[in-house]
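1. have a look at this prediction, sequence included:
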Amino acid sequence: MSAVSTATIADVRGLTVAYHSGDSWLQVVRDVSFQIRTGEILAIVGETGSGKSTTASAMIRMLPRNGRVVSGSVRFAGEDLLGLSDRAMRRLRGQDIAYVPQQPMSAFNPTMTVGRQVAEPLVIHRSLSYRAAAPKAAQRLREMGIHEVDRVMRSYPHELSGGMLQRAMIASAMICQPRLLIADEPTSALDVTIQRQILELIKQVQIEYQLAVVLISHDLAVVSHVADRILVLYGGRAAEIGPTASMVNAPRHPYTRGLLRSTLTAELGHKAKLASLAGYPPNPLEVDREPGCPFRPRCHRAETECSVAFPPLEGQPSHQWACYNPEPTA
Amino acid sequence: MSLTAIDTSKRFLLGRRWPLKTEYTVGVDAVTCEVLPGQTLGVVGESGSGKSTLARLMLGLLTPSAGHIEFEGKSVASFGPGEWRSFRQAVQPIFQDPRSSLNWRHSIERIITEPLQNFGQSPKQRAERSLVLLEQVRLPTHILKRQTSDVSGGQLQRVAIARALALDPRYLICDEPLSALDVSVQAGVLNLLLDLQASRNLAMMFISHDLEVVRHVSDRVIVMYRGAVMEDAPAGDLYRKPRHPYTQVLLGRSAPLPEDVTTAPSVASITSARGVRCPFTDRCPTRQDRCFTERPKLRQVEPQHRAACHFA
């Protein structure tokens, strides 16, 4: 898209993350690299256990206790995030890097009013009093399309709907004018009609603030409406990355193509058979132990070499896929 | 031969307040619908619209507060124990999340064969039957000895389907059967349900918030909002030419008014919704004065096509 500038704001290289499970370390994200540029939405798409949320948590160093980054680097605005002190990292979070979680209902503190929580980043990062921060919070809430701002400010989380809370969450995330917004399945817990509105809101905020956004989702079809580029993860590995148009119209990885083809379209006859992917997503506990491509057992184009080693990324710099036997271009 | 809800309502007690004031919330509001052999009745609506309550009424898990559920010509309210038993055999549920609806302490084998045991089959019969069932839902036989925690969500939903099929039901009530599944396995489970319907002439009720899926599987669709049916039409007509403003909003054909600050339907909004005004007035983009003073009836707008709107 034309609004995309070329300045890379975040650069993730060779990110490998492991969780301690039982008595061993299991790698759940392996050698994942991508860049995010100012003014673009990068969608990270994957299923349960694909490592999409782990990737996001690793970027902001919010991995659970049993997780650690094994190798790789995360650079944000030139700084190596993995090397920062905890104190410096805390200053970045909520100020330069904002995060919107999946479940707004459980992310808000139930004992504090929404207004106070939306204003909180200003109190922490800009040393404002709540009194001074409140008008700014109200202003942000208004920008997020909330009409009865005063009432929302005074409400406790349980008094508001999910869509309203997610708007408030985005308002809170945007209040310090961050440069990078990470949204982890921001619409999955919401109703269909509200989902669309929240995605449009994120798009609108992104354009207005020239923000870089990482949008994590399990639904390729949904994010393709708002994302500039898409990264597809499978079994903890990058399967394919590229601009939205080529990912949707000319996917090269059999998994991306399978995902797209198993989506319902209006052209498909009533009760007609859908193209479906055979098999099930790999169990993250097992995928680490086997060599080769994790998608191999479900792939209709698999060859012998696929079980020997994981395929390297191929293609042009803008559109890359990890497959020995990619889908032909139409 | 059908499973029918006739003017069925379900309200839940919220609390009693002195003096003598009892407050209810309306789960399902005077719904009439019919599940027919070989056909799918799709039910769409947002959360809180009463979809799942309707499913539980149809399954006989809840007793209607008003109206009744009729099973093949007989009201379930008049059922004796024997009739309930044959009802349970004929009408089976598939729930959203198999991890929470199936007993995780039981092996897959026990989950699938328990209904058979309950209906008096010998261990040998059960073992044979479970193999047939696994084949029908396309699962490998070694899965029988596994625990639920050892299989993926997609496989477990197939186990739930196998269990539902064990007693050769004629009706399947599916409450969001795909939403807990990964995208790449949804298509497979959907194909399976359609296959089963075609080969066994199953009557299906299919509840989902995913409008595309409902369009794909349904012969007829009802659209619910705050417990009431807003529109009821053959699937093709509904998607081609939605008549109710709420359906148009759901299908993305028009933008709704900004959502209510509270959408968890409060008592006040529910009582007024039940009373005189149209329940959709607070978000309707085309509302007019009349909508606040007179609740529209579900009326025929075209043959086979009903909508609850004055202006549809």
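-> Nice, I can see it.
2. how about stretch A:153-165, does it reach chain B?
-> Yes - residues of stretch A:153-165 are located near chain B by Cβ under 8 Å from any Cβ of the partner chain, namely A:155, A:159, A:160, A:161, A:162, A:163, A:164. C-beta here means a position set from N, CA and C on the backbone, and glycine is covered the same way.
3. out of the residues you listed, which one sits closest to chain B?
-> residue A:161 (3.6 Å; Cβ to the nearest Cβ).
4. can you check which helix is longest in chain B?
-> In chain B, with assignment by DSSP state H, the single longest helix is helix B:183-200.
5. still on that earlier bit, just send the residues of stretch A:153-165 next to chain B back as a markdown table, with secondary structure and distance to residue A:69 too.
-> Converted to a markdown table, these look like this (DSSP: H, G, I helix; E, B strand; the rest coil; distance: Cβ to Cβ, whole Å):
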| residue | secondary structure | distance to residue A:69 |
| --- | --- | --- |
| A:155 | coil | 39 |
| A:159 | helix | 39 |
| A:160 | coil | 36 |
| A:161 | coil | 37 |
| A:162 | helix | 32 |
| A:163 | helix | 34 |
| A:164 | helix | 36 |
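6. I'd like those residues as a markdown table, with pLDDT and neighbour count appended.
-> Listed next are the residues of stretch A:153-165 next to chain B as a markdown table, based on pLDDT from 0 to 100; neighbours: other Cβ atoms under 10 Å in any protein chain shown:
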| residue | pLDDT | neighbour count |
| --- | --- | --- |
| A:155 | 94 | 19 |
| A:159 | 89 | 17 |
| A:160 | 89 | 25 |
| A:161 | 85 | 22 |
| A:162 | 86 | 20 |
| A:163 | 87 | 25 |
| A:164 | 90 | 27 |
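7. the residue in the stretch 1-150 of chain A that chain B sits nearest to: how many residues sit nearby?
-> Relative to chain B, the nearest point of the stretch 1-150 of chain A is residue A:47 (4.1 Å; Cβ to the nearest Cβ). Number of residues near residue A:47 (other Cβ atoms under 10 Å in any protein chain shown) recorded here: 23.
8. show the contacting residues for it.
-> A:218, A:234, A:281, B:182, B:183, B:184 (Cβ atoms under 8 Å, 6 or more residues apart in numbering or on different chains).
9. quick check: the nearest residue to it once chain neighbours are set aside vs residue A:276, distance?
-> Spatial nearest neighbour of residue A:47, chain neighbours left out: residue B:182 (4.1 Å); criterion: Cβ to Cβ, 6 or more residues apart in numbering or on different chains. From residue B:182 over to residue A:276 the distance is 12 Å, taken as Cβ to Cβ, to the nearest Å.
10. likewise residue B:161?
-> 15 Å.
11. wait, doesn't residue B:291 sit right on residue B:285?
-> No - Residue B:291 is not in contact with residue B:285 according to Cβ atoms under 8 Å; the separation is 11.6 Å.
12. neighbour count: the two, which is higher?
-> Just comparing residue B:291 and residue B:285: by other Cβ under 10 Å the higher neighbour count belongs to residue B:291, 21 against 13.
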